[in-house]
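1. the following block contains a protein sequence and its predicted model.
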Amino acid sequence: MHTRLTILNSVTTLTPLLEAIMGTVLGDVLGFAAGVAISPLPIIAIILVLATPRGRLNGPLFTVGWILGLSALGAVMLAIASPADASAHDHPATWVGALKLALGVLLVLFGARQWHRRPTDPSEAQLPKWMGAIDRLTPVKVFGLGTALAALNAKNAPLTIAAGATIGSAGLPVGQQIASLAIFVLIATLGLLAPLGVFLLGGERAKTTLGSWKDWAAQHNVAVMAVLFFVLGLKLLGDGISILTS
């Protein structure tokens with residue numbers, strides 16, 4: 001009886017602690033998720049996909065591919081972090097700090113490169129050449145494109161890896177790790193769900209609305225990406241330095 005009471009008291013004490021830790025983790029990863037969500041190129045890509053004759057099929061396929069790409073990359077990071085002593089004495093391990101520091105440096109360098117490449121006149125901005133072939137892609141290739149833009153994008157991949165490392169280094173139970181990753185993926189997908197929702201529910205006005213979104217994103221893509229790279233890179237640098245010096 002005494003043993004059972006001890007266990008119950010331990011669980012009662014531990015539950016608020018885990019909830020507090022999970023809240024802190026979500027606070028950290030939501031910034032990364034927002035950075036992924038407002039990536040201009042994937043938003044432009046899904047708008048172009050929706051404009052194809054098979055838009056009602058290809059749009060959801062692109063989104064599912066995106067979700068799969070983010071989930072797979074995040075799950076791989078969790079699988080690496082959890083058994084690799086990512087958390088030691090309720091504090092992220094040294095290698096987690098080194099990883100965040102490296103990712104931060106990478107994003108800041110990308111930001112400098114993007115800012116240097118930005119066009120003086122936004123109206124002169126050009127989209128990547130591969131976007132011109134979107135209307136010729138099969139549904140399978142559209143699905144693959146969504147997956148690739150999520151998992152292999154120069155900004156999305158570092159942010160997803162950082163989110164996975166943050167979740168894995170918090171010492172949460174597996175169920176809460178999965179829940180945290182699912183919330184990250186959901187928030188990171190809002191940038192695609194918005195144009196998809198407009199397309200499916202917006203009726204005749206959807207084409208005009210999506211067209212204006214595409215034009216704005218195309219003109220300001222490089223500048224937006226540069227700012228995101230800088231801000232999120234500096235956050236990762238700060239996180240990494242904090243872990244390594246504490």
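-> Perfect, thanks for sending it. Numbering: from 1, shown residues only.

2. can we go C-alpha only for contacts and neighbour counts from here?
-> Noted.

3. what's the local residue count around Thr245?
-> The number of residues packed near Thr245 is 8, by other CA atoms under 10 Å.

4. mind checking how far it is from Gly168?
-> Per CA to CA, to the nearest Å, Thr245 is found 20 Å from Gly168.

5. which helices and strands sit right next to the helix or strand hosting Phe62?
-> If you go by DSSP states H and E, Phe62 is part of helix 55-81. Packing partners of helix 55-81 (3 or more CA pairs under 8 Å, 6 or more residues apart in numbering; DSSP states H and E): helix 40-50, helix 139-151, helix 156-168, helix 174-188, helix 190-201.

6. alpha carbons of stretch 150-160, as PDB, please.
-> The C-alpha trace of stretch 150-160 is given here as PDB (Å, rounded to 0.1, in the frame of the first residue of the first chain):
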ATOM      1  CA  ALA A 150       9.700  20.300 -47.000                       C
ATOM      2  CA  ALA A 151      12.700  18.000 -46.200                       C
ATOM      3  CA  LEU A 152      15.400  19.300 -48.600                       C
ATOM      4  CA  ASN A 153      14.800  23.000 -48.700                       C
ATOM      5  CA  ALA A 154      17.800  25.000 -47.500                       C
ATOM      6  CA  LYS A 155      15.800  26.800 -44.800                       C
ATOM      7  CA  ASN A 156      13.200  24.200 -43.900                       C
ATOM      8  CA  ALA A 157      15.600  21.400 -43.300                       C
ATOM      9  CA  PRO A 158      17.800  23.200 -40.700                       C
ATOM     10  CA  LEU A 159      14.700  24.500 -38.900                       C
ATOM     11  CA  THR A 160      13.100  21.100 -38.800                       C
END
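
7. for the protein, which residue occupies the most central location?
-> Centre of the chain computed as the mean C-alpha position; nearest residue by CA atoms, centre = their mean is Val36, 3.8 Å away.

8. got the contact list for that one?
-> By CA atoms under 8 Å, 6 or more residues apart in numbering, the contact set of Val36 is Lys155, Asn156, Leu159, Ala188, Thr189.

9. where does this structure have its least confident helix or strand?
-> Lowest on mean pLDDT, DSSP states H and E among the helices and strands of the chain sits strand 87-88, with a mean of 56.

10. what is the burial count for the closest residue to Leu193 other than its chain neighbours?
-> Spatial nearest neighbour of Leu193, chain neighbours left out: Thr63 (7.6 Å); criterion: CA to CA, 6 or more residues apart in numbering. Look at Thr63: counted by other CA under 10 Å, it has 23 neighbours.
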